[in-house]
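S.K.: return a 3D structure for these sequence lines:
(one chain, ligands or ions: 3)
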Amino acid sequence: MPAVVVIGGQWGDEGKGRVVDFHSQYCSVIARYSAGNNAGHTVINDRGTFALRLVPAGIFYDDKDCVIGNGCAINPIALWEEIEGLKARGVSAERLHISDRAHVVMPWHPLIDAADERLRGPFAIGTTGRGIGPAFVDKAGRAGIRMCDLIDGAGFRERLRIILEYKNAVLEKLYGLEPLSFDAVYNEYREAGERLLPYVTDTSLLVQEALDRGDEVLLEGAQGALLDLDFGTYEFVTSSVPSSTAAGAAVGVGIGPNRINRVAGVYKAYTTRVGNGPMPTELFDEEGERLRNVGREYGTVTGRPRRCGWFDAVAARFTARLNGVTSAVVTRLDVLDAFPVIRVCTAYQVDGAELRSFPANTTVLARCTPVYEDFPGWETPTSDVRRFADLPANAQAYLRRLGELLGAPVDIISVGPERDQCIQVRPVV
Ligand code: GDP
Ligand code: IMO
Ligand code: MG
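M.R.: Ligands and ions are numbered 1, 2, ... in the order given. Reported below is the predicted structural model:
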């Protein structure tokens, strides 16, 4: 069976965790393929409410293999805390597997992340501060430490000695920061490596073998396509290498691209963004406040208030094409339940002209103002609805139009954060 990818179609936090938790019941392997603990994937199910950072959202099923792929950047201290936190709540991590090729987030990475943000001043990106950007810079710069190094006793000591000397020079001379102590870093990370050792393996083989057996494999994306290094609102993006788009999934777990045949693109029924950078449909009025309050739009990782606005179909259509979305998943429909009018941006106005494509130039995007199509709201609760036909007519019309604008069928609709609060029009998995 070829694999299915779940990606975020906007600026992250679309509800990927919730969608992966739901679909994991049909899969035998669930693999994260990019990013690190800058991601925060919320899952609410019969086991409780969880905010996952690195552990795939399939972990709540005891019979599934969960993989943290080679494309991820792993903070081993944070991962261990996450595993312990899950165990303390009765969730077993016995079938968790960590790629030996994944890069390690080292103590200098968050320091450099924070220092870079300070130096950028008013042009700060608004990162999550977890050091993920600098870790991927080191990956591409060939100065990274990988999980296979971390668990390699004497090899780790040697690699750390070489890299820390260079990193301390950077911390002191470039950033004016205190150098890090070799012994402190070595002892803390050696211990973390020893704890994680039983989980570390060649996960690409595990995923390939599952596909060869004909098992269903789900590849869990992090962030969203508008935060992608190549196609997002550069430089207000995340630094994941490989890409956070569906195309990054093959590289991020180590399979051929021909082993993926479905892409579920997750979209909120409106738009949110955390961090800086342009967002044409952002609302600064009481409607924006209302979206934030009704949707409790505060970041899972940093607790920052999310910027809120109407659905941006120009951006969403761009990401649906970019990712080859075969099924759209619309989440948080219920948040719109009480709005009398719901707006969708179908084009931008910029410099006196109408623009229907998503511009590469971020300063052009910042000057774009939305052209809206208005929809009458349904003003009825939808959280208990489980069949498309039972949705209010105005909600059906809204979803049909989103599907048209996206150029992909809306196959799943989420009407609440809990596992069963969703409508399957056509199964994705
Ligand atoms: P992710 O990063 O894409 O996994 O998304 P987050 O977990 O960061 O943010 C999504 C938030 O929306 C979480 O608090 C979810 O519990 C919540 N959520 C997901 N789907 C729905 C839905 O259909 N309705 C409501 N009200 N909340 C939802
Ligand atoms: P999930 O997987 C929302 C944003 C940050 C910042 C930019 C760069 O939960 O959807 P970084 O720390 O990655 O260098 O920050 O990217 N960002 C996210 N926004 N959801 C995420 O992940 C994000 N991961 C990074 O807010 O604007
Ligand atoms: Mg999130």
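S.K.: show me the domain layout of the protein.
M.R.: Domain ranges of the chain: 3-99+202-264, 104-197, 266-424, per automatic domain parsing.
S.K.: mind putting those into TSV with mean pLDDT?
M.R.: What follows is the domains of the chain, written out as TSV (pLDDT from 0 to 100):
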stretch	mean pLDDT
domain 3-99+202-264	97
domain 104-197	97
domain 266-424	97
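S.K.: of these, flag the one that's most buried.
M.R.: Using mean count of other C-beta atoms under 10 Å, the stretch among the domains of the chain with the greatest mean number of neighbours is domain 3-99+202-264 (a mean of 22). To be clear about C-beta, it is placed using only N, CA and C from the backbone, and glycine gets the same treatment.
S.K.: I412 belongs to a strand?
M.R.: Yes. Secondary structure of I412 (DSSP: H, G, I helix; E, B strand; the rest coil): part of a strand.
S.K.: for ligand 3, what's the nearest residue on the stretch 251-400 of the chain?
M.R.: T300 (4.5 Å; C-beta to the ion).
S.K.: next, the contact list for that residue, please.
M.R.: 13, 40-42, 51 (C-beta atoms under 8 Å, 6 or more residues apart in numbering).
S.K.: restricted to strands, list the residues you listed.
M.R.: Mapping these onto strands (DSSP state E) picks out 41-42, 51.
S.K.: SS state for the nearest residue to P376 once chain neighbours are set aside?
M.R.: Nearest residue to P376, sequence neighbours excluded (C-beta to C-beta, 6 or more residues apart in numbering): N394, at 5.3 Å. Following three-state DSSP, N394 is assigned to helix.
S.K.: distance of A338 relative to R101?
M.R.: 48 Å (C-beta to C-beta, to the nearest Å).
S.K.: is the one helix or strand E82 maps to anywhere near ligand 2?
M.R.: Assessed by DSSP states H and E, E82 sits inside helix 76-88. No. On the criterion C-beta under 6 Å from any ligand atom, helix 76-88 is out of touch with ligand 2, staying 13.0 Å away.
S.K.: swap in stretch 215-229?
M.R.: Yes. Stretch 215-229 comes into contact with ligand 2 (C-beta under 6 Å from any ligand atom), by way of 222-224, 227.
S.K.: can you give me the helices for the chain?
M.R.: 16-23, 76-88, 108-120, 132-140, 147-150, 153-169, 182-196, 203-213, 247-253, 286-294, 313-323, 362-367, 393-406 (DSSP state H).
S.K.: of these, which is nearest ligand 1?
M.R.: Of all the helices of the chain, helix 16-23 sits nearest to ligand 1, with 3.3 Å by C-beta to the nearest ligand atom.
S.K.: so which elements touch that closest one?
M.R.: strand 3-8, strand 41-45, strand 217-220, strand 260-268, strand 327-331, strand 410-414 (3 or more C-beta pairs under 8 Å, 6 or more residues apart in numbering; DSSP states H and E).
S.K.: which positions in the chain make contact with ligand 2?
M.R.: Counting by C-beta under 6 Å from any ligand atom, the chain sits next to ligand 2 at 8, 11-13, 38-41, 125-128, 130, 132-133, 222-224, 227, 238-239, 274-275, 300.
S.K.: contact partners for R101?
M.R.: With C-beta under 8 Å, 6+ apart, R101 has these contacts: 70, 146-148, 204, 254.
S.K.: between those residues, which is nearest ligand 2?
M.R.: Closest to ligand 2 out of these is N70 (17.7 Å), distances taken as C-beta to the nearest ligand atom.
S.K.: that older thread, contacts for the helix holding E82 next, please.
M.R.: Residues outside helix 76-88 that contact it (C-beta under 8 Å, 6+ apart) are 37, 50, 52-55, 59, 68, 92-93, 96, 98, 104-105, 130, 150, 188-189, 192-193, 195-196.
S.K.: as CSV, the contacts of R101 with distance to E82 would be great.
M.R.: Output for the contacts of R101, formatted as CSV (distance: C-beta to C-beta, whole Å):
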residue, distance to E82
N70, 19
R146, 19
M147, 15
C148, 21
S204, 22
G254, 23
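S.K.: I151 contacts Y199, correct?
M.R.: No. Assessed by C-beta atoms under 8 Å, I151 is found out of contact with Y199, at 9.8 Å.
S.K.: and stretch 178-185, how far apart are its ends?
M.R.: 14 Å (C-alpha to C-alpha, to the nearest Å).
S.K.: and if you look at stretch 370-383?
M.R.: 29 Å.
S.K.: is it up against ligand 1 anywhere?
M.R.: No. Figure legend: stretch 370-383 not in contact with ligand 1 (C-beta under 6 Å from any ligand atom); closest approach 7.5 Å.
S.K.: off-centre distance for that stretch?
M.R.: Taking C-alpha atoms, centre = their mean, to the nearest Å, one finds the center of stretch 370-383 at 26 Å from the center of the full chain.
S.K.: ok, residues contacting that stretch?
M.R.: So stretch 370-383 is contacted by 280-281, 310, 312, 333-334, 336-349, 354, 391-395, 397-398, 401, 415-416, 421 (C-beta under 8 Å, 6+ apart).
S.K.: next one: stretch 341-352
M.R.: 280-281, 310-314, 336, 354-356, 359, 364-365, 367-377, 398, 401-402, 405.
S.K.: so what's E194 up against?
M.R.: With contact set as C-beta under 8 Å, 6+ apart, E194 has these partners: I151.
S.K.: if I look at it, how far off is N187?
M.R.: The separation that E194 has from N187, given C-beta to C-beta, amounts to 11 Å.
S.K.: who in the stretch 151-300 of the chain is up against ligand 3?
M.R.: Within reach of ligand 3 by C-beta under 5 Å from the ion, the stretch 151-300 of the chain has these residues: T300.
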